[in-house]
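Engineer: requesting a structural model of the entry that follows:
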Amino acid sequence: MHTRLLIVDDHALVREGLVRLLSGQPGLEIVGEAAGVADGLEFVCARDPDVVLLDITLADGSGLDLIEPILKRRPGIRVLMLTMHAEPEYAEMAIERGAMGLVSKAATVGELVEAIVAARCGEILRPEGTLTAREREILALVGGGETNAEISERLSISHKTVEGHVQRIMAKLGIHTRAGLVAYAHRADFEQEFA
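Structural biologist: You can find the predicted model right below:
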């Protein structure tokens, strides 16, 4: 699969390094590089990338604040955050705003390429842990707007069991709010998987 990639980072050396490392990767085409929020949004509209590799900290604002404007103008674009801040809260904020996840700047080139390809394919990058089949099923129902009581009734399990599953899902994904889980489920198409 061919992927058109836009890099948005306020450090010229980081951008140049990423261009050098990624332009030789099969299936990846660097269509541009931007230093900040304003030119990042301009490049998105002009270059029409498939994936935007977006730093959280930019000279003229936060990359997190750029996610929604990008997706509003180009809904099919996948946004992948690249950052030194590996805390789960950043991943949660990014996913809630529509990003596919977050990659640490400490990642290897191979890990970064895998993340870009996964984002291009619509996969959410899980901050940590993997979900069991039951957790995936419950996440799909949460994404579909069902309450814990409704999930309990649908799956014939106790309300307390549902609560326990939801708490474990949040812990594994590094997501701390139900709204964050709903956003994650929507972006990862869990509802379709278990429909």
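
Engineer: okay, now the unreliable bits of this structure?
Structural biologist: 86-88, 126-130, 188-195 (pLDDT under 70).

Engineer: domains in it, by residue range?
Structural biologist: Domain segmentation of the chain under automatic domain parsing yields 3-120, 133-193.

Engineer: next, count neighbours for the residue lying closest to Val109 once chain neighbours are set aside.
Structural biologist: Excluding its sequence neighbours, the residue lying closest to Val109 (C-beta to C-beta, 6 or more residues apart in numbering) is Leu21, at 5.2 Å. Where you see a C-beta, it was placed from the backbone N, CA and C, and this is true even at glycine. The burial count assigned to Leu21 is 14, neighbours taken as other C-beta atoms under 10 Å.

Engineer: same question for Gly122.
Structural biologist: The number of residues packed near Gly122 is 11, by other C-beta under 10 Å.

Engineer: distance of it from Ser23?
Structural biologist: Using C-beta to C-beta, to the nearest Å, Gly122 is found at 24 Å from Ser23.

Engineer: with Thr3 instead?
Structural biologist: Using C-beta to C-beta, we find Thr3 at a distance of 12 Å from Ser23.

Engineer: for Arg78, same thing?
Structural biologist: Between Arg78 and Ser23 the distance is 19 Å, computed by C-beta to C-beta.

Engineer: neighbour count: the two, which is higher?
Structural biologist: The residue with more neighbours, out of Arg78 and Ser23 and counting by other C-beta under 10 Å, is Arg78; that gives 25 against 11.

Engineer: let me see the backbone angles for that one.
Structural biologist: Here the main-chain torsion angles of Arg78 (degrees, to the nearest 10) amount to phi -100, psi 130.

Engineer: follow-up on the earlier one: what sits in contact with each of Thr3 and Ser23?
Structural biologist: When contacts are counted by C-beta atoms under 8 Å, 6 or more residues apart in numbering, Thr3 and Ser23 are jointly contacted by Glu29.

Engineer: and the strands in this structure?
Structural biologist: Secondary structure of the chain (DSSP state E): strands at 3-8, 28-34, 51-55, 57-58, 61-62, 78-83, 102-104.

Engineer: CA atoms only: put the second one into CSV for me.
Structural biologist: Taking Å, rounded to 0.1, in the frame of the first residue of the first chain, the C-alpha atoms of strand 28-34 are listed here in CSV:
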residue,chain,number,x,y,z
LEU,A,28,6.3,5.6,1.8
GLU,A,29,6.4,8.9,0.0
ILE,A,30,7.2,12.1,1.9
VAL,A,31,4.9,14.8,0.4
GLY,A,32,6.0,17.6,2.6
GLU,A,33,7.3,18.9,5.9
ALA,A,34,5.9,21.7,8.0
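
Engineer: good, wrapping up.
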